[in-house]
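J.: Below: sequence and its predicted model.
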Amino acid sequence: MRRKLREIFAAGLERVNPYAMIRKHVRIRDNALLIENEGRQTMVDLSDFRRILLLGADGPGV
């Protein structure tokens, strides 16, 4: 039972891991930023941008 609980706990942590989330849902293909979320895909043409800044916040106060 402990092993199963550890597996469940590890899966929960992986689900909210920001690094894993970005790797899973954000891609750059050709000159476009692709963002996938809940089965929907958003594409942003990057040709008008010089750089991209990714900001995030975490915690109960956000």
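T.: The structure has been received and is ready for your questions. Residues are numbered from 1 along each chain as shown.

J.: going forward, measure contacts and count neighbours with C-alpha atoms only.
T.: OK.

J.: what does the lowest-mean-pLDDT helix or strand in the chain rub up against?
T.: Using mean pLDDT, DSSP states H and E, the weakest-scoring helix or strand in the chain turns out to be helix 18-25, at a mean of 84. Applying Cα atoms under 8 Å, 6 or more residues apart in numbering, the set of residues contacting helix 18-25 from outside is 14-15, 34-37.

J.: With stretch 27-38 instead?
T.: Counting by Cα under 8 Å, 6+ apart, 25-26, 41-47 sit against stretch 27-38.

J.: low pLDDT regions in this protein?
T.: Within the chain, the ranges that satisfy pLDDT under 70 run 58-62.

J.: Quick one: the helices in this protein, in order.
T.: 2-15, 18-25 (DSSP state H).

J.: Make TSV from those helices and add distance to Ala57 to it.
T.: Below are the helices of the chain laid out as TSV (distance: least, Cα to Cα, whole Å):
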stretch	distance to Ala57
helix 2-15	16
helix 18-25	10
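
J.: so can I have TSV of the ones you listed showing mean neighbour count and distance to Gly56?
T.: Shown next, in TSV, are those (neighbours: other Cα atoms under 10 Å; distance: least, Cα to Cα, whole Å):
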stretch	mean neighbour count	distance to Gly56
helix 2-15	11	16
helix 18-25	11	9
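
J.: before we move on, the earlier item: okay, the angle between the least confident helix or strand of the chain and helix 2-15?
T.: Per axes from the mean of the first three to the mean of the last three Cα atoms, to 10 degrees, the angle that helix 18-25 makes with helix 2-15 is 70 degrees.

J.: quick one: which two of the contacts of stretch 27-38 are the most distant?
T.: His25 and Ser47 (20.7 Å; Cα to Cα).
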